[in-house]
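> any chance you could fold what I've pasted below:
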Amino acid sequence: QVQLVESGGGLGQAGGSLRLSCAASGRTVWRYTVGWFRQAPGKEREFVAAFSWSGGSPNYADSVKGRFTISKDNAKNTVRLQMNSLKPEDTAVYYCAASVATMTREPDEYHYWGQGTQVTVSS
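Next comes the predicted model:
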């Protein structure tokens, strides 16, 4: 069992930065792929970034590549999403999720989800 709690959302300006955090708990969290997804009003949930807790290169959606960075703090069991060069189209509810599958982008393959945190980017 894995529990995920997001924090750090809020209002940002175009061209600015925000950082999201996801606190993960559970004895086997190191076995999982951890990802960030987002969902804008009227749109489907979409993949943003993911990494395997056990190692390897992270994976990014083309829309955020070069602007967003996913990282982990092993000591705190925390996953962060650093969002730079924000755009209004980044506005969405952002979710942290965990999957037993290897580096998947498919929301249906993620078994555990946080409650979500709102990110709003003004132009």
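
> can we go C-alpha only for contacts and neighbour counts from here?
Fine.

> send the alpha carbons of whichever strand or helix holds I70 over as CSV?
Here I70 sits within strand 68-73, counting by DSSP states H and E. Only the C-alpha atoms of strand 68-73 are listed here, as CSV (Å, rounded to 0.1, in the frame of the first residue of the first chain):
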residue,chain,number,x,y,z
PHE,A,68,9.9,20.6,-15.9
THR,A,69,12.1,18.4,-13.8
ILE,A,70,11.1,15.4,-11.7
SER,A,71,13.3,14.4,-8.8
LYS,A,72,13.3,12.4,-5.7
ASP,A,73,14.5,12.9,-2.1
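
> so what secondary structure elements neighbour it?
Contacts defined by 3 or more CA pairs under 8 Å, 6 or more residues apart in numbering; DSSP states H and E place strand 68-73 against strand 46-52, strand 78-83.

> direction included, what does the first one pair against?
Each strand pairing with strand 46-52, determined using DSSP bridges, is listed with its direction: strand 33-39 (antiparallel), strand 59-60 (antiparallel).

> most tightly packed of those strands?
Across these, averaging neighbours per residue (mean count of other CA atoms under 10 Å) puts strand 33-39 on top, at a mean of 25.

> show me the contact partners of stretch 34-45.
46-53, 79, 81, 91-99, 107 (CA atoms under 8 Å, 6 or more residues apart in numbering).

> quick one: low-confidence parts of this structure?
For the chain, the stretches with pLDDT under 70 are 27-30.
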